[in-house]
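Q: would you be able to build a 3D model of this:
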Amino acid sequence: MKRSYMTTMPDKSGAFLKASRIILAHGGNITRCNYNKAVDSHTLFVDVEATPQAQEAIAQELSQAGYFTQTAAHAKIVLMEFELVDQPGAVLPILEVLGRHEINISYISSQENGTGKQFFKMGLYIEDPSVVETLLRELSTLCPVRILQYDAGEKALDNTVFYITFAGEMRRLLNLTQEQTNDFIFNANLVMQQLDDRNEPPSKTFEYVSRFAHFVAEHSGAAYACRLSLQPLTERVTCTVLEPPCGSNITVLEDAATDALLMIDSGFACYRQETLRRLRELFPAFDMRPKELLLTHADYDHAGLVPDFDVIHVSQRSADCFLSELTGGTHLRERNRKTLPYSRLSKIISQYQTPRAEQLHVLDTQPCNDAQPLSLIGHFTFADMDFDVYQGNGGHLPGEIVLLDPVHRVAITGDDYVNIHDYTPDQQAFNRLAPYLMTSVNEDSAKAKQILAELRRRMNGQSWLILPGHGAIVERNQSM
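A: A predicted model of the protein is given here:
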């Protein structure tokens with residue numbers, strides 16, 4: 001099993017060597033470590049692979065060796081506020097941590113407020129200030145913690161407060177559980193570590209992560225606005241495209257003869273209720289109509305409405321990705337070191353849910369030829385439209401598909417082609433965040449260019465109507 005440690009490095013030479021020897025002695029393997037004095041002069045992040053028993057022994061020995069405590073300087077008082085569930089015994093874990101660190105309480109105040117929560121204010125008299133960082137980290141794993149007053153001149157404490165304040169802000173903004181909050185901080189740190197290789201300042205990383213979270217939160221509810229486009233495709237089929245402020249386009253094909261709906265991609269899961277509300281306004285009796293979902297690929301920003309469909313059409317590679325997640329494995333994006341931390345942040349922020357195995361309908365009827373940028377893997381019919389289904393060789397994401405109807409000259413491209421030339425202002429603003437935090441939105445940019453060139457070749461200037469994964473419809477008189 002893997003465990004992440006957020007430790008406090010003793011301020012002496014050989015500290016990391018000693019920690020490494022402790023981990024090695026118990027058969028542990030360090031899979032990641034990060035220390036950045038520009039952000040926090042003491043905090044060391046370490047990911048360790050080891051058996052559960054070994055992890056307990058490692059944690060205990062690291063603690064005994066001083067990696068969760070430090071030596072003293074002078075006493076100080078820190079005023080904190082703890083957000084607790086209003087139930088018997090909720091404060092006991094807090095008191096147990098304080099008792100373990102021999103912290104005296106100089107002030108305490110709490111009162112029921114009828115909200116189901118209690119806010120405990122405590123003034124903590126700390127004789128050994130070096131334990132403050134460790135204390136704050138332990139307390140913040142139990143419940144949301146606010147630092148109301150502290151000595152801002154204490155640089156190490158100031159950096160610790162930054163982590164806790166950032167975590168608290170994200171928790172409140174995104175309504176995260178404590179476990180999700182801790183996971184959020186670890187992955188934000190991992191993004192920072194990767195961008196440090198590009199000499200990006202740590203402050204910029206956290207700024208972009210914060211902007212990502214704020215953007216998603218601030219465009220929810222009444223602020224959720226979609227650009228709407230309607231386009232007849234055939235005598236029977238009309239296309240409606242919803243472009244949310246962020247996340248994939250939501251493209252709906254409607255069969256006038258049967259009232260059936262085919263949705264192609266479905267945006268972020270955090271906007272599920274807003275999207276459903278718009279769909280119910282656009283399509284009378286939406287919930288009662290026959291409808292299926294088709295995912296052009298397995299990215300989180302395309303899979304927002306997967307709980308609402310009994311049938312989800314996907315390529316075999318996308319199905320394998322989802323099945324891996326369902327059985328404790330990883331998503332395709334998490335197998336790439338560069339996109340892993342952003343992907344995990346996206347999961348948390350967007351409230352992503354993996355499709356269930358019984359929902360998945362695989363489109364492949366023949367194997368993909370990865371020697372080609374695009375290869376035919378099957379066919380798909382909706383109403384009077386017959387699509388050839390092509391799979392890319394992993395430019396944007398393995399399992400990516402493109403659907404081409406050569407009779408009606410309609411192309412559904414997913415993210416193998418996105419119309420960045422006609423984004424809404426909101427889409428433009430959001431589009432500046434992901435490429436920075438991911439370093440690239442494509443798994444293989446060279447292959448992505450080849451796929452796009454092959455798409456252009458197949459259309460051959462024959463006035464195709466293009467339904468992209470993001471951005472406005474490309475009309476027949478326009479060019480890609």
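Q: which stretches of this protein form helices?
A: Counting by DSSP state H, the chain has helices at residues 15-25, 52-64, 92-100, 132-140, 155-174, 178-196, 202-218, 272-282, 316-326, 340-350, 425-431, 434-438, 445-459.
Q: just the CA atoms of the fourth one, as CSV, please.
A: C-alpha atoms of helix 132-140 as CSV (Å, rounded to 0.1, in the frame of the first residue of the first chain):
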residue,chain,number,x,y,z
VAL,A,132,3.1,24.1,16.4
GLU,A,133,3.6,22.9,12.8
THR,A,134,3.1,19.3,13.6
LEU,A,135,0.2,20.1,15.9
LEU,A,136,-1.6,22.1,13.2
ARG,A,137,-1.2,19.4,10.7
GLU,A,138,-2.6,16.7,13.0
LEU,A,139,-5.5,18.9,14.0
SER,A,140,-6.3,19.8,10.4
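Q: I'd like the average pLDDT over it.
A: Confidence over helix 132-140 (mean pLDDT, whole number) is 80.
Q: contacting residues around stretch 426-443?
A: Around stretch 426-443, the neighbours that count as contacts under Cβ atoms under 8 Å, 6 or more residues apart in numbering are 191, 194-195, 198, 205, 208-209, 211-212, 215, 219, 225, 243, 245-246, 332, 336, 338-339, 342, 345, 394-398, 415, 420, 423, 448, 470-471. In this view, the C-beta of every residue, glycine as well, is placed from N, C-alpha and C.
Q: quick one: buried ones out of these?
A: The neighbour count (16 or more other Cβ atoms under 10 Å) marks 191, 194-195, 205, 208-209, 211-212, 215, 219, 243, 245-246, 332, 336, 339, 342, 345, 394-398, 415, 423, 448, 470-471 as buried among the contacts of stretch 426-443.
Q: T177 and L190: what is the separation?
A: Here the criterion is Cβ to Cβ, to the nearest Å. By it, T177 lies 20 Å from L190.
Q: try R272
A: In this structure, R272 lies at 27 Å from L190, with Cβ to Cβ as the measure.
Q: looking at the two, which has the bigger crowd around it?
A: With neighbours defined as other Cβ atoms under 10 Å, R272 and L190 compare such that L190 has more, 22 against 19.
Q: just give me the residue right at the centre of the protein.
A: Closest to where the C-alpha atoms of the chain average out (Cα atoms, centre = their mean) is S346, at 1.2 Å.
Q: pLDDT wise, what is Y300 at?
A: Residue-level confidence at Y300 comes out at 95, pLDDT.
Q: just checking, it touches Q353?
A: No: under the criterion of Cβ atoms under 8 Å, Y300 is not in contact with Q353, lying 9.5 Å apart.
Q: between those two, what contacts are shared?
A: A269.
Q: out of these two, which sits in the busier spot?
A: In terms of neighbours (other Cβ under 10 Å), Y300 is the more surrounded of Y300 and Q353; the figures are 22 against 16.
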